[in-house]
Every structure is written in structure tokens, then in C-alpha cells.
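1. Predicted structure and sequence below. I'll ask about it afterward.
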Amino acid sequence: MSYRQDSLKRSKNIKLGVIYLAIGVVFYFASGFILSSGFKFLSFVTVPLWKLENNVKDGTGSFRSLFKSKISLEEENRRQTLELENLRIKLESLSSVKKENEDLMSEMGRVIPQTEDPIIASVLSGPNIPPYGNLIIDVGREQDISVGDRVVYSPNVVIGEVSQVFARVSRVKLYSTDGTQTDVMILADVPIHAVVKGYGGGNFFVELPSSVALSIGNEIFIPGSDNYILGVIDNIDIDPITSSQGVLIKYPMNIKNIRFVHVIRGSNDEYLE
Amino acid sequence: MLYGVPTMNIWNRIFCGALLFFSAILLPWWLGAILIIYFFFEFNNYYELFFFGLLLDILYGSDRPIIFIITILLYIILRYLKGYLRPYV
């Protein structure tokens, strides 16, 4: 009796093992199709829920302000007005630098293709799940979004590129996704070309010789005529034994709090490996 | 027992499944993971764990079901733990 029960249990386990193996093989070969089809199917439920979540967050934000004192609201208003004015001045200077750059390029005979066609997109879901570093935005094929379009956080911080496009939503792969390598230009005493590696959570890492003079706050650019910023140096760790320095780079804003981005239609990022 | 109702009640299980579905969409991932572990010990043969991992891969992943593979490993570990802890409950 005991032998028969053990035999039945063993055969059941074998059948279960075969089923699990079959599922594993199917997923290994067809995972891309299953995941993208699943997203298309689920987006009818998830996209409205994400939009509702964002609306509720906006609503509770204004509800919380009811409990703030008038004085603290006035101070916050004053501070934000000042910050806005500083940003406006910075943006104007950046625009004039960009214009000057374009004029210099034309004088040198280099034609800059006017292909940029930005569209504002709302971020439905942020990079919440490790190890994934993706954003879901509310524009897709209907708005002429295509794979490879660059995604920028205003005014000139490039954060990633579109990796999957559906009818009305798209998935954006962040450059800071764990393992992603990106060509950059570091403005030190002399411009340095390097390849930074994404560490997740808006962080990048690169190892450089310690002879390179860097300082915290140096900006990191994507090479090209657009001068998009990738991040700023946040920490430098010099290793005297190997004569190298580990440089930690971060986005200049908190990537988990962004609500709106610009998608540059028609752009194609050549520097994402 | 879940809120005084026998745990094998199918409606409880459906409610918990729906809770997991909405937690994957709206709540932080670690909250869903805590719920998964609690429900695993509460119900028998809790295969909804695989659907939770697959849902996270579909919504937030790209081309490889990494979280689904992690849920398979988690299932094996939790199943062993459940069998080990059962005599002591």
C-alpha cells in the first residue's frame, strides 16, 4: 500500500515537473511575444487605473495644502516663484548658447537636420520595480511615436528612449537601467569620452583614471549637436592602489517623481548599447 | 482562517486574487510581495503567485520574464518552508 502511494506521488511529481519544464521552454522562446501581447490586453484596465491614480495623487496634494498655514503657503509660493525665475534665466541662456552653437556649425559647413518634433507625454507609471527601469507614457503609435525616439525631461535632460510602442501608450527604457551602457562626454579640464553603466534608480557609474580632474557637479553630456545632459557627478571615489576613480553620476532630478516628459519624435539615439 | 471565514472559501480566494491584481498595478512591489507570502501560507497550492510575477513582467518588464523566474524559485522555497513549519502551527 505504502509503495503504491509513493509511486503515485512520484508520478504526480514527474508530471508536474514536465509541465513546469514545458512552461519554462515556452516562456524562454516566446517571452517577448507573450509579454507584449499581455501588455496590449491588460492596458485596457491598467492605463485607466494609472491615470486615476495620478488624478487622485494630484487631488490629495491640493487637499493637503488645506491644512497648511497661510504663512507657510506664502513662503512656499515665494520660494517657488524665485526658483522659477532662476530657471527661466537659465533656459534663456541655454537657448542663446544653443543658437550660437548652431550658427557656428553652419559656418563650418555642417548642416543640422531639423528633425526634432517634441510632444509632451504624461508618465503613467515610473521605474518602480527592480531590476526594470522603464517608464510607461501615455503617447503611442497614434501620436507618431516610434521605437528609438529620445525622451527628455524638460528642458534638456535626456532620460531614455522609447523601447516599445503600442497604440496609445509606450514603454521608455531609461539609460539608468541596470546594465545599460551609454556613450557620454564628460566636461572636465578637457572633454572626455567615456561609457557609463546604468545602476538603476537614476544612477550611473564609470571608472576613469585618477589623473582625470573631475569635480562634483560636473555635467555629463550625450555626444552630438543637441548637448543634452545625461546627469551630474554626485560622488567621486579615488582608489590610490589602482590609480583609478569611481565616479557616481545621477540624474539632476528624482526620476521617480517626474510626471511629464518630452518625446522627440523622429530622433534616434545611436549611443545606447 | 481569514476574517473568521474558513480559508478554503473560494470567494475569499477570488477576493485575495483581485487584491493582488490591483496591488501589482497601484501599490509598491514589496507590498504585493508581502501579500503573496501571507496568502501562500493561508491557502493551499497558491499558484496565483506565478500570475503575480507574470503580471509584473508584463506591466513593467521588457522582453525577459525575470520576475516570473524569481517567483518560480520563491514558490519552491515557500513550499519547502510551509511543509517544514506546518507541524509547528
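-> Sure, I can see it.
2. tell me the secondary structure for residue 44?
-> Answering for chain A, as no chain was given. Secondary structure assignment for A:Phe44 (DSSP: H, G, I helix; E, B strand; the rest coil): helix.
3. The chain in question should be chain B.
-> B:Asn44 - assigned by three-state DSSP - is coil.
4. Pop out the phi and psi values for it.
-> When read as degrees, to the nearest 10, the backbone of B:Asn44 gives phi -90, psi 150.
5. I figured A:Ser146 hits A:Arg265, correct?
-> Yes: between A:Ser146 and A:Arg265 there is a contact at 7.4 Å, judged by CB atoms under 8 Å. Every residue, glycine included, has its C-beta placed from N, CA and C.
6. So which of these two has more stuff around it?
-> Using other CB atoms under 10 Å in any protein chain shown as the criterion, A:Ser146 and A:Arg265 rank with A:Arg265 on top: 18 against 15.
7. What distance do you get for the more buried one to A:Leu52?
-> According to CB to CB, to the nearest Å, A:Arg265 stands 27 Å off from A:Leu52.
8. next one: B:Ile58
-> 19 Å.
9. who's in contact with the spatially most central residue of chain B?
-> With distances taken as CA atoms, centre = their mean, B:Ile36 lies nearest the centre of chain B, 2.9 Å away. By CB atoms under 8 Å, 6 or more residues apart in numbering or on different chains, the contact list for B:Ile36 reads B:Leu20, B:Tyr46, B:Glu48, B:Leu49, B:Phe52, B:Leu74.
10. mind running it again at 7 Å?
-> B:Ile36 is in contact with B:Leu20, B:Leu49, B:Phe52, counting by CB atoms under 7 Å, 6 or more residues apart in numbering or on different chains.
11. mind giving me JSON lines with those and columns for distance to B:Gly83, pLDDT and secondary structure?
-> Listed next are the contacts of B:Ile36 as JSON lines, based on distance: CB to CB, whole Å; pLDDT from 0 to 100; DSSP: H, G, I helix; E, B strand; the rest coil:
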{"residue": "B:Leu20", "distance to B:Gly83": "23", "pLDDT": "91", "secondary structure": "helix"}
{"residue": "B:Leu49", "distance to B:Gly83": "16", "pLDDT": "90", "secondary structure": "helix"}
{"residue": "B:Phe52", "distance to B:Gly83": "21", "pLDDT": "91", "secondary structure": "helix"}
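12. Where neighbours are concerned, which of those has the most?
-> Neighbour counts for these (other CB under 10 Å) peak at B:Phe52, which has 26 neighbours.
13. Verify the contact between it and B:Ser23 for me.
-> No: if you go by CB atoms under 7 Å, B:Phe52 and B:Ser23 don't touch, sitting 8.5 Å apart.
14. isn't there a helix covering the residue nearest to the centre of chain B?
-> Yes: counting by three-state DSSP, B:Ile36 is found in a helix.
15. Please list all residues in contact with B:Tyr46.
-> Contact analysis of B:Tyr46 by CB under 7 Å, 6+ apart lists B:Phe39, B:Phe40.
16. Okay, it and chain A: tell me how far apart.
-> B:Tyr46 sits 15 Å away from chain A, going by CB to the nearest CB, to the nearest Å.
17. quick one, phi/psi of that residue?
-> Dihedral angles (degrees, to the nearest 10) for B:Tyr46: phi -80, psi 80.
18. what bridges to the nearest residue to A:Leu135 once chain neighbours are set aside?
-> Using CB to CB, 6 or more residues apart in numbering or on different chains and skipping the chain neighbours, the partner closest in space to A:Leu135 is A:Val172 (4.2 Å). Beta-bridge partners of A:Val172, counted by DSSP bridges, are A:Leu135, A:Val162.
19. Run a quick neighbour tally on A:Val172.
-> Per other CB under 10 Å, the neighbour tally for A:Val172 reads 24.
20. what does A:Ile89 give?
-> Residues near A:Ile89, counting by other CB under 10 Å, number 10.
21. what helix or strand is it on?
-> helix A:70-107 (DSSP states H and E).
22. likewise A:Ile236?
-> Using DSSP H and E, A:Ile236 falls in strand A:229-239.
23. so how far is A:Tyr153 from A:Asn254?
-> As judged by CB to CB, A:Asn254 and A:Tyr153 stand 11 Å apart.
24. These two - which one has more neighbours?
-> Shown here are A:Asn254 and A:Tyr153; by other CB under 10 Å, A:Tyr153 has more neighbours (20 against 11).
25. Distance check, the more buried one against A:Tyr228.
-> From A:Tyr153 to A:Tyr228 the distance is 10 Å (CB to CB).
26. And the pLDDT for B:Leu54?
-> Note for B:Leu54: predicted pLDDT of 89.
27. List the contacts of the lengthiest helix in chain B.
-> When chain B is parsed with DSSP state H, its longest helix is helix B:66-85. Residues outside helix B:66-85 that contact it (CB under 7 Å, 6+ apart): A:27, A:131, B:37, B:40-41, B:49-50, B:52-54, B:56-57, B:61.
28. Send over it as PDB, restricted to the C-alpha atoms.
-> Extracted as PDB, the C-alpha positions of helix B:66-85 are listed here (Å, rounded to 0.1, in the frame of the first residue of the first chain):
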ATOM      1  CA  ILE B  66      12.800  37.800 -14.900                       C
ATOM      2  CA  ILE B  67      10.300  38.300 -12.100                       C
ATOM      3  CA  PHE B  68       8.400  35.200 -13.200                       C
ATOM      4  CA  ILE B  69      11.500  33.100 -12.900                       C
ATOM      5  CA  ILE B  70      12.100  34.600  -9.400                       C
ATOM      6  CA  THR B  71       8.500  33.600  -8.400                       C
ATOM      7  CA  ILE B  72       9.200  30.000  -9.500                       C
ATOM      8  CA  LEU B  73      12.200  30.000  -7.100                       C
ATOM      9  CA  LEU B  74      10.200  31.700  -4.500                       C
ATOM     10  CA  TYR B  75       7.400  29.000  -4.900                       C
ATOM     11  CA  ILE B  76       9.900  26.200  -4.300                       C
ATOM     12  CA  ILE B  77      11.400  27.900  -1.200                       C
ATOM     13  CA  LEU B  78       8.000  28.800   0.300                       C
ATOM     14  CA  ARG B  79       6.600  25.300  -0.400                       C
ATOM     15  CA  TYR B  80       9.600  23.800   1.500                       C
ATOM     16  CA  LEU B  81       9.100  26.300   4.300                       C
ATOM     17  CA  LYS B  82       5.400  25.600   4.500                       C
ATOM     18  CA  GLY B  83       6.000  21.900   4.800                       C
ATOM     19  CA  TYR B  84       8.700  22.500   7.400                       C
ATOM     20  CA  LEU B  85       6.600  24.900   9.500                       C
END
